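A.B. asks: kindly return the folded structure for what I paste below:
(2 chains)
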Amino acid sequence: GESVGLHLPTLSVQEGDNSIINCAYSNSASDYFIWYKQESGKGPQFIIDIRSNMDKRQGQRVTVLLNKTVKHLSLQIAATQPGDSAVYFCAEKLLGNQFYFGTGTSLTVIP
Amino acid sequence: NAGVMQNPRHLVRRRGQEARLRCSPMKGHSHVYWYRQLPEEGLKFMVYLQKENIIDESGMPKERFSAEFPKEGPSILRIQQVVRGDSAAYFCASSPRSKQETQYFGPGTRLLVL
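C.D. replies: Presented below is the predicted three-dimensional model:
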């Protein structure tokens, strides 16, 4: 499944499938990006980050892709599990240490 | 290692009362950030503090809101004369001096103004 940031804030995928969550960022000068996972009633949890001098970064079951040309960021989750159900936010670093968070995409994993 | 601690987790206030939200950063972290989150929205930056200094308060409302991070003790976000529109989840994050960009979030305080 695939979502496009603000225009499709929910995404449902079957357990075991791959998930792709997209995010459009606003500032071409942003040089650092983070994906956070937020479960209901909890604070955001760091998943993976990427700097603007990179196009791709891989973690455990997650991959972040950065396309600076179109100011687009995506998070790929391999073999999605029920525990992945949450809201996912991308955050871009603006001036100083201030981050701008997107609205988020709600991911639901169907067992 | 204990993570970022926030208390109370839930706070109910009547209009006109004061709300005090506390945040204890992770051990060794000297940078604290406060964010506000409305239902089904992203987090909005409010203020960035170091010990005894406000570094960036560009996201703080001009009136009724204040924040501090004293030399000893937790960071405090204070909202005076609360109104219903202040109802939200308030999250604190902290980062170490060595890697200021990586912010670790607390569980948040859910403020409800009646």
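A.B. asks: which non-adjacent residue is nearest residue 28?
C.D. replies: All of this is about chain A. Leaving aside its chain neighbours, residue A:28 sits nearest to residue A:71 (6.2 Å; criterion: C-beta to C-beta, 6 or more residues apart in numbering or on different chains). From N, CA and C alone the C-beta is placed, and that goes for glycine too.
A.B. asks: meant chain B, my bad for not saying
C.D. replies: Leaving aside its chain neighbours, residue B:28 sits nearest to residue B:96 (5.9 Å; criterion: C-beta to C-beta, 6+ apart).
A.B. asks: can you tell me the centre-most residue of chain B?
C.D. replies: residue B:34 (3.7 Å; C-alpha atoms, centre = their mean).
A.B. asks: surely the residue nearest to residue A:28 meets residue A:26?
C.D. replies: Yes: applying C-beta atoms under 8 Å as the test, residue A:71 and residue A:26 come out as touching, 7.2 Å apart.
A.B. asks: show me the strands in chain B, by range?
C.D. replies: Under the criterion DSSP state E, strands of chain B are mapped to B:5-7, B:10-13, B:19-24, B:31-37, B:43-50, B:53-56, B:65-68, B:75-79, B:88-95, B:104-105, B:109-113.
A.B. asks: residues contacting the nearest residue to residue B:70 once chain neighbours are set aside?
C.D. replies: On the basis of C-beta to C-beta, 6+ apart, the spatially nearest residue to residue B:70 that is not a chain neighbour turns out to be residue B:52, at 6.5 Å. Under the criterion of C-beta atoms under 8 Å, 6 or more residues apart in numbering or on different chains, the contact list for residue B:52 reads B:69, B:70, B:71.
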